[in-house]
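Participant: Only the shape, not the letters, is given here:
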């Protein structure tokens, strides 16, 4: 084509929205890390934030394939709907799935089995750091957002981890403008959080706009639950009612997705994305406050886990 | 025009009340979930601080709560019926200046907090100076702890005059000073009954009305290339984020540093696919009319073009504990290109009291200095005042990979020249 002949059927320029700018920034971060790091990996739990992250990553490299694998840190205590969603998503995208398995870590003697009533929450850190070391990953994308928790509110978009996988909140690298630098020495790695500036509501509005597929448990359904620590916990193969607990059938949905033993449901009648958006817009309790037992151990539960190398 | 989103950073000296003011803003505009507010109340009680330490809303780290200081930036998200806000609550201590610069580098507006009983301290002057250097053009000043001086209009006016004069010297475009008590809530969200002599806006009203602009860019659109996308059938498109000005399909662009002139034949955004044009901040990919060997680190530019150079005069904020002098070797990241550099000369250090350059040959931790450097590869740059993307860079320590400086191409406009 003659470079001076301009096409006359110009497409229009649509209005730029807040979601467009958030999506653009996330794609920018993903491309920077993919370009600067040797072996990145995307942490994919099957939860809504990592589903959005994966959706943007796929768009950022289309029509090419995703230039990095995805990794699931599997506690062995999953909601079956989430595992099915994980496998279907990975197959649809032709992505390579790495599973960092807590049951394997227990079988290999890397960590002790906490038993049926103990939490596998912290064991995920060992499985994650082992898999990062074994695969030689130098960057791991995560869907964490700063609005989730007061320790996460402090974190950089590109967050440095030392050779022990530790986060040191007193010595974070300065992060100026959009100049993300991903240089690490052997054994160290980065966590990259492209959704840092998104709120829970932004995530749901984006899911609505882009029609991002999610596990069915994000939408209202009836299930047997028990009241424990102020949360509704599903009764299933991992959670048995204790003596004083009486299982009830309730209309619930999940606001976050994690290990089945410590992730609670909320009562809800929202069965469509639009209804969830409305519910989230008027929520009076934070998503982690409503649904995560693992954040209630202490005032700084998230900071303490993050220092050890948690997500 | 008032933009939908305002990014603001708090600045000012330690203990003047920045985190308390942000806590007050968030609590009084009901941005906190019930469980988050309960957690702040519990943490306050456990430390014997009474009902509610508002600073704990953003001071979320264990060490911050133990010591009662802010160590690193906390980002909080708020929305009122008129505007969305991203609040970067920055630390005041001089040893955490690098974290303050991190928070301010992406801000549209600085919210300065000044303790009326102390007036303008050196650290506040340093923060205002850094914010101005970074291109923050709008300033709201909370003259705080007014309850301690029994709401004296004279005390307020004296501090407000001093900061308004300095803001004028630093070329801020707008300044609004508000008499506040962050602790009691006066003039933060609710208008105070104690300051009947004050007729201006509350802090919240000032933030809702403030413009979000930086310097008007006098230069053309820029697209630093991040990634090459191979298209089915053998073609290629070039992905990156638009900077400086709107880029359009059909625009004549120059591939730099090679200097090849070509035209954009197609422009795709992530959401809308092929579009006529894209504004700064959008990630796009473009097809070009001519075959080129463009790749990551190259830049597409519309006229007037940036300059291609290996030597730069720049203003830097130096963050490392060791001193920087002539002969130092570092890595420089500018747009999507990283290259080794050598510092040729350190011209001097900006004195934050006089806004003059004191001649000197090295920079110490948290100094703002002027230097010249030589890069191993071509850099494609605009002056920072003309484009915050193509005018900014960071310096990286080659051994530790730490980011040790924020750099801005050119000489700061408000600083008197070092000659005589």
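Facilitator: Sure, I can see it. Everything quoted here is computed from the prediction, not taken from an experiment.
Participant: how many neighbours does the residue lying closest to residue B:144 once chain neighbours are set aside have?
Facilitator: In space, and not counting its chain neighbours, residue B:144 is closest to residue B:17: 4.6 Å by CB to CB, 6 or more residues apart in numbering or on different chains. (C-beta placed from N, C-alpha, C; glycine too.) Residues near residue B:17, counting by other CB atoms under 10 Å in any protein chain shown, number 26.
Participant: Next to chain B, which bits of the stretch 201-311 of chain A? Give me the list.
Facilitator: Taking CB under 8 Å from any CB of the partner chain as the criterion, the neighbours of chain B within the stretch 201-311 of chain A are A:209, A:283-286, A:289-290, A:299-300, A:303-304.
Participant: what does the longest helix anywhere in chain B contact?
Facilitator: The longest helix of chain B (DSSP state H) is helix B:153-169. With contacts defined as CB atoms under 8 Å, 6 or more residues apart in numbering or on different chains, helix B:153-169 is touched by B:112, B:114, B:116-117, B:119-120, B:125, B:128, B:139, B:141, B:143, B:146, B:149, B:175, B:177, B:179, B:195, B:197-198, B:355, B:414.
Participant: picking that back up, I'd say the residue nearest to residue B:144 and residue B:143 touch.
Facilitator: No: if you go by CB atoms under 8 Å, residue B:17 and residue B:143 don't touch, sitting 10.5 Å apart.
Participant: Check which element follows whichever helix or strand residue B:129 is part of along the chain.
Facilitator: Assigned by DSSP states H and E, residue B:129 belongs to helix B:122-133. As assigned by DSSP H and E, the chain's next helix or strand after helix B:122-133 is strand B:138-144.
Participant: That following strand packs against which elements?
Facilitator: When contacts are defined as 3 or more CB pairs under 8 Å, 6 or more residues apart in numbering or on different chains; DSSP states H and E, strand B:138-144 sits against strand B:109-115, helix B:153-169, strand B:174-179, helix B:203-209.
Participant: Output these in a markdown table; the columns should cover mean neighbour count and mean pLDDT.
Facilitator: Converted to a markdown table, these look like this (neighbours: other CB atoms under 10 Å in any protein chain shown; pLDDT from 0 to 100):
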| stretch | mean neighbour count | mean pLDDT |
| --- | --- | --- |
| strand B:109-115 | 26 | 95 |
| helix B:153-169 | 17 | 95 |
| strand B:174-179 | 22 | 96 |
| helix B:203-209 | 20 | 95 |
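Participant: Same list (these) but as TSV, adding distance to residue B:215.
Facilitator: Shown next, in TSV, are those (distance: least, CB to CB, whole Å):
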stretch	distance to residue B:215
strand B:109-115	14
helix B:153-169	16
strand B:174-179	13
helix B:203-209	20
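Participant: Quick one: low-confidence residue ranges for the stretch 201-311 of chain A.
Facilitator: A:293-298 (pLDDT under 70).
Participant: Quick check: residue A:161 touching residue A:190?
Facilitator: Yes: counting by CB under 8 Å, residue A:161 touches residue A:190, with 6.7 Å between them.
Participant: between these two, who's got more neighbours?
Facilitator: A side-by-side neighbour count of residue A:161 and residue A:190, using other CB under 10 Å, places residue A:190 first with 26 against 22.
Participant: Report the beta-bridge partner residues of the closest residue in space to that one that isn't next to it in sequence.
Facilitator: In this structure, residue A:190 finds its nearest non-sequential neighbour in residue A:139, 4.5 Å apart by CB to CB, 6+ apart. For residue A:139, the beta-bridge partners under DSSP bridges are residue A:40, residue A:190.
Participant: Roughly how far does residue A:139 sit from residue B:180?
Facilitator: Residue A:139 sits 43 Å away from residue B:180, going by CB to CB, to the nearest Å.
Participant: Between the two, which has more neighbouring residues?
Facilitator: Each of residue A:139 and residue B:180 has its neighbours counted (other CB under 10 Å); residue B:180 has more, 30 against 23.
Participant: show me what contacts the more buried one?
Facilitator: Residue B:180 neighbours (CB under 8 Å, 6+ apart): B:21, B:142-144, B:146, B:186-188, B:192, B:203.
Participant: Of those residues, keep whichever come out buried.
Facilitator: B:21, B:142-144, B:146, B:186-188, B:192, B:203 (16 or more other CB atoms under 10 Å in any protein chain shown).
Participant: For chain B, what is the nearest residue in the stretch 1-150 of chain A?
Facilitator: The nearest approach of the stretch 1-150 of chain A to chain B comes at residue A:150, 2.6 Å away (CB to the nearest CB).
Participant: Okay, that residue and residue A:220: tell me how far apart.
Facilitator: 29 Å.
Participant: Show the contacting residues for residue A:56.
Facilitator: With the criterion set at CB under 8 Å, 6+ apart, residue A:56 makes contact with A:23, A:26-27, A:30, A:194, B:270.
Participant: ok, now with 10 Å
Facilitator: A:22-27, A:29-30, A:194-195, A:206, A:210, A:212, B:270, B:283 (CB atoms under 10 Å, 6 or more residues apart in numbering or on different chains).
Participant: re earlier: so for the residue nearest to residue B:144, what's the pLDDT?
Facilitator: Looking at residue B:17, its pLDDT reads 85.
Participant: State the distance from it to chain A.
Facilitator: Distance, residue B:17 to chain A, by CB to the nearest CB, to the nearest Å: 19 Å.
Participant: which residues sit in contact with that residue?
Facilitator: With CB under 10 Å, 6+ apart, residue B:17 has these contacts: B:10, B:23-24, B:54-55, B:92, B:113-115, B:142, B:144-145, B:180-183.
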